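A.B. asks: With the sequence up front, the predicted model follows.
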Amino acid sequence: MITAMCLELSSRAAELHLETIDSVYFGGGTPSLLKENELEQLFYAIRKHYSLNENIEITLEANPDDIKVNSLRSWKKLGFNRLSIGIQSFREKDLKWMNRAHTAEEAKNCVQLAQKEGFDALSVDLIYGLPELDMETWKNHINSVASFGVDHISAYCLTIEEKTILYKRVKDGDLIPSTEDEQSLQFEFLRSELQKLGYLPYEISNFCKPGKEAKHNSSYWKGVNYLGIGPSAHSYNGISRRYNIANNQRYLKLIREEKKYFEEEVLSDKDRFNELLMTGLRTSWGVNLEQLNNILHLTASFKERVTSFIDRNLMEQKNGSIFLTNEGCLIADYLASELFDI
């Protein structure tokens, strides 16, 4: 698999030959399980074929149970300068039914271990909307992460997908899912509590200390071009989206045979308009109306709906851009869809 990904890195270098890369992100699956020599091969291919900014952010997604002294030192030596740690919860029972490999104790210790080994740029993931998650426990989770002094926190609401073990357990009555009202209260508390603790919500699910926004996250929400390598990886060049096939064996086979291993979708003006709305409204910098108008002319109906949302305190408009209020963030996808060009 590593050889195939290096081949893809080499074959696609021309796509970014005029750009200097600001962020490299090792994520999707469990990249922290890769051996040092495997990571080294990928780094060699990246540095050989691409131009990297001297202040580049290089992130590794890591599970708490993979964070050991030797691993941290190896990652540091290779060039990683940021870790994104999937803690998710500090409750043992949550970690068990989510089939997480780490324990609550490892969740508590991994951040401090990483800091001790010189990783100052750390992001921690939490999940809310968990079964039987009361507000006091949720508050403890938030304050536990903040007490570590990490500069970035991502928090996502649990989603229950069909044909998953979680879906079956809920259907069988083994777990009682949280209600939408409980999820909304936990989200509102999250935003309020983190802001009190000095974290700014620069995107609905992402919070950081001032000036510590993740380059990787920010690039995605701003619609910057990106290149995705490996099975299931997505890429975007401002004109089209590209999706690598998900099946590992087919990806390997097609790469070796130099055959097409991806699907591609050329975006229409309508697609670009709607995507800019969907992504931009989730952020603290909002959506620039002139930029939208340059893609598709803003209709009277669009302007009327924006005015209606502003009057209902779901949106605000400032310096030529529209933003969501705290209330609007609760129904971000709905508000964006109401403004879509259809």
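C.D. replies: All right, it came through fine.
A.B. asks: By mean pLDDT, flag the weakest helix or strand of this structure.
C.D. replies: helix 165-171 (a mean of 83; mean pLDDT, DSSP states H and E).
A.B. asks: any idea of the mean pLDDT in whichever helix or strand comes after it?
C.D. replies: Per DSSP states H and E, the first helix or strand lying C-terminal to helix 165-171 is helix 180-196. The average of the pLDDT scores along helix 180-196 is 95.
A.B. asks: Go through helix 180-196 and flag the buried ones.
C.D. replies: 182, 183, 186, 187, 190, 191, 193, 194 (16 or more other Cβ atoms under 10 Å). Every residue, glycine included, has its C-beta placed from N, CA and C.
A.B. asks: can you tell me how far the first one sits from residue 124?
C.D. replies: Meaning residue 182. 22 Å (Cβ to Cβ, to the nearest Å).
A.B. asks: nearest to residue 319, of the buried residues of helix 180-196?
C.D. replies: Of all the buried residues of helix 180-196, residue 191 has the smallest distance to residue 319: 22.4 Å, by Cβ to Cβ.
A.B. asks: Report whether the expected contact of the closest one with residue 201 is present.
C.D. replies: Yes: contact criterion Cβ atoms under 8 Å: residue 191 and residue 201 qualify, at 5.6 Å.
A.B. asks: Show me whatever sits in contact with both of those two.
C.D. replies: residue 207 (Cβ atoms under 8 Å, 6 or more residues apart in numbering).
A.B. asks: re earlier: determine how far the least confident helix or strand of the chain lies from the middle of the whole chain.
C.D. replies: With Cα atoms, centre = their mean, to the nearest Å as the basis, helix 165-171 stands 25 Å off its chain's centre.
A.B. asks: From here on, call the first residue 13.
C.D. replies: Let's use 13 as the start, then, which means that last one is helix 177-183.
A.B. asks: got the contact list for it?
C.D. replies: Taking Cβ under 8 Å, 6+ apart as the rule, helix 177-183 contacts 109, 110, 111, 143, 172, 173, 187, 188, 189.
A.B. asks: Those: which two are farthest apart?
C.D. replies: Greatest spatial distance among those (Cβ to Cβ): 111 and 188, at 18.4 Å.
A.B. asks: one step back: give the buried residues for the least confident helix or strand of the chain.
C.D. replies: If you call a residue buried by 16+ other Cβ under 10 Å, then helix 177-183 has these buried ones: residue 178.
A.B. asks: same check, this time on stretch 104-122
C.D. replies: 106, 107, 109, 112, 114, 116, 118, 119, 122.
A.B. asks: so the fifth one, which of the three states?
C.D. replies: State at residue 114, reduced to three classes by DSSP: H, G, I helix; E, B strand; the rest coil: coil.
A.B. asks: thinking it is in contact with residue 74, fair?
C.D. replies: No: here residue 114 lies out of contact with residue 74, judged by Cβ under 8 Å, at a distance of 10.3 Å.
A.B. asks: Check the contact lists of those two and give me the overlap.
C.D. replies: By the contact definition Cβ under 8 Å, 6+ apart, residue 114 and residue 74 are jointly contacted by residue 122.
A.B. asks: I'd like the distance between residue 29 and residue 58.
C.D. replies: From residue 29 to residue 58 the distance is 14 Å (Cβ to Cβ).
A.B. asks: and what of residue 78?
C.D. replies: From residue 78 to residue 58 the distance is 21 Å (Cβ to Cβ).
A.B. asks: These two - which one has more neighbours?
C.D. replies: residue 78 (22 against 19; other Cβ atoms under 10 Å).
A.B. asks: I'd like the distance from the residue most central in space within the chain to residue 164, if you could.
C.D. replies: Taking Cα atoms, centre = their mean, the centroid of the chain lies closest to residue 229, which sits 5.9 Å from it. Residue 229 sits at a distance of 8 Å from residue 164 (criterion: Cβ to Cβ).
A.B. asks: ok, now residue 29?
C.D. replies: 31 Å.
A.B. asks: Which one's more surrounded, those two?
C.D. replies: The residue with more neighbours, out of residue 29 and residue 164, is residue 164; 21 against 10, by other Cβ under 10 Å.
A.B. asks: if I look at that one, how far off is residue 131?
C.D. replies: 12 Å.
A.B. asks: Distance across stretch 107-121, terminal residue to terminal residue?
C.D. replies: 15 Å (Cα to Cα, to the nearest Å).
A.B. asks: who's in contact with that stretch?
C.D. replies: For stretch 107-121, contacts defined as Cβ under 8 Å, 6+ apart pick out 75-77, 79, 98-104, 122, 139, 143, 156, 177-178, 181, 187.
A.B. asks: now the strands: where do they sit in the stretch 63-212 of the chain?
C.D. replies: Remark: strands assigned in the stretch 63-212 of the chain by DSSP state E, counting those that start in this stretch are 63-74, 94-100, 133-140, 164-169, 212-215.
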